[in-house]
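A.B. asks: Next come a sequence and a model predicted from it.
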Amino acid sequence: MWNPKEICRFVDLTSLNTSDSNKSIDQFLNQALDYDKKGFTVAAVCLFPNFGRKAVEKLEASDIKTAVVAGSFPSSQSFLSVRLHECELALEAGVDEIDIVLNIGELLDKNYSHVSDEIRAFKNLMGDKKLKVILETGLLKETSLIKKAAELAITGGADFIKTSTGKGFPGADLDAVIEMANVIASHYKESHKKVGLKISGGVKTYSDAIRYFEKVESILGEKFMTPNLLRIGASSLVQNLMDE
């Protein structure tokens, strides 16, 4: 059984608010460092890309990674060149990880090669940095669509597949996570390559986290139970874990 401090090491502490500002992000980053001093160290912070350099500089002396959303988050509705350039700017700022949204419209229209080719274009920019691809499972709903989205993301080179943006649609649910974990397990069996899983939205308490951890481990095994391969995207979970 994982204790609250261990679970913290899987958390992408998130601030993706319309009201975010330099001042509020400074406070947010200070909070992440304060958690760290108290032994509740998170895996990463997740921010809008314009705050990437600030986070990189402020967290330089810590083990906390910097992740940003890019590629016209949360809709992916813009010119591909613009979306790729946003990713390039974030990488130039020194961030460790980038979260993008899979092209949902082309997925629903069954333009599958288009979907995976777009992801591959982002992956080609990444070098040794990690690319997380958001499937927006609360919009897709059907397990067959979630499975197809996960397969296309992995085909395109995703290092992680992620449930949700948290913007406008329901966050993670257990059925979606099970489907995604099964796709990851099948890919690992065929290729011996590990793809990570990020559970985002609705994981607010210790018991929530444990419920997902137990299910993921039952499908993927202990070797996937590491922050390099499993994350929880959350804004309030760490404080709740401290209270626990």
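C.D. replies: Looks like it arrived, so ask away. All values derive from a computational prediction rather than experimental measurement.
A.B. asks: Phe73: what's it in contact with?
C.D. replies: Taking CB atoms under 8 Å, 6 or more residues apart in numbering, we find Phe73 in contact with 16, 48, 99-101, 165, 167. Using the backbone N, CA and C atoms, a C-beta is placed for each residue, glycine as well.
A.B. asks: And for Glu179?
C.D. replies: Applying CB under 8 Å, 6+ apart, we find Glu179 in contact with 143, 146-147, 150.
A.B. asks: again, only using 6 Å
C.D. replies: If you count contacts by CB atoms under 6 Å, 6 or more residues apart in numbering, Glu179 has them with 143, 146-147.
A.B. asks: What score does it have for pLDDT?
C.D. replies: We note a pLDDT of 98 for Glu179 in this prediction.
A.B. asks: Is it part of a helix or strand, or is it coil?
C.D. replies: helix (DSSP: H, G, I helix; E, B strand; the rest coil).
A.B. asks: okay, and for the chain, where does confidence drop off?
C.D. replies: By pLDDT under 70, the chain has no low-scoring segment.
A.B. asks: follow-up on the earlier one: could you redo the contacts of Glu179 as JSON lines and give each row neighbour count, distance to Lys204 and secondary structure?
C.D. replies: Listed next are the contacts of Glu179 as JSON lines, based on neighbours: other CB atoms under 10 Å; distance: CB to CB, whole Å; DSSP: H, G, I helix; E, B strand; the rest coil:
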{"residue": "Thr143", "neighbour count": "15", "distance to Lys204": "24", "secondary structure": "helix"}
{"residue": "Ile146", "neighbour count": "26", "distance to Lys204": "22", "secondary structure": "helix"}
{"residue": "Lys147", "neighbour count": "18", "distance to Lys204": "27", "secondary structure": "helix"}
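A.B. asks: State the distance from the closest residue in space to Trp2 that isn't next to it in sequence to Leu197.
C.D. replies: In this structure, Trp2 finds its nearest non-sequential neighbour in Phe213, 6.2 Å apart by CB to CB, 6 or more residues apart in numbering. For Phe213, the distance to Leu197 equals 11 Å [CB to CB, to the nearest Å].
A.B. asks: So for the two, which residue has more residues nearby?
C.D. replies: Leu197 (24 against 20; other CB atoms under 10 Å).
A.B. asks: element containing the residue nearest to Trp2, please.
C.D. replies: helix 206-220 (DSSP states H and E).
A.B. asks: same thing with Val133?
C.D. replies: Using DSSP H and E, the element containing Val133 is strand 130-134.
A.B. asks: other SSEs contacting that strand?
C.D. replies: strand 97-101, helix 112-123, strand 160-162 (3 or more CB pairs under 6 Å, 6 or more residues apart in numbering; DSSP states H and E).
A.B. asks: So which elements touch the last one?
C.D. replies: Identification of packing neighbours for strand 160-162 by 3+ CB pairs under 6 Å, 6+ apart yields strand 130-134, strand 196-200.
A.B. asks: Ala158: neighbour count?
C.D. replies: 26.
A.B. asks: So it: helix, strand or coil?
C.D. replies: Assignment for Ala158 (three-state DSSP): coil.
A.B. asks: ok, the residue nearest to it when sequence neighbours are not counted - contacts?
C.D. replies: In space, and not counting its chain neighbours, Ala158 is closest to Val133: 4.0 Å by CB to CB, 6+ apart. Contacts here follow CB under 6 Å, 6+ apart; on that basis Val133 touches 102, 119, 153, 158, 161.
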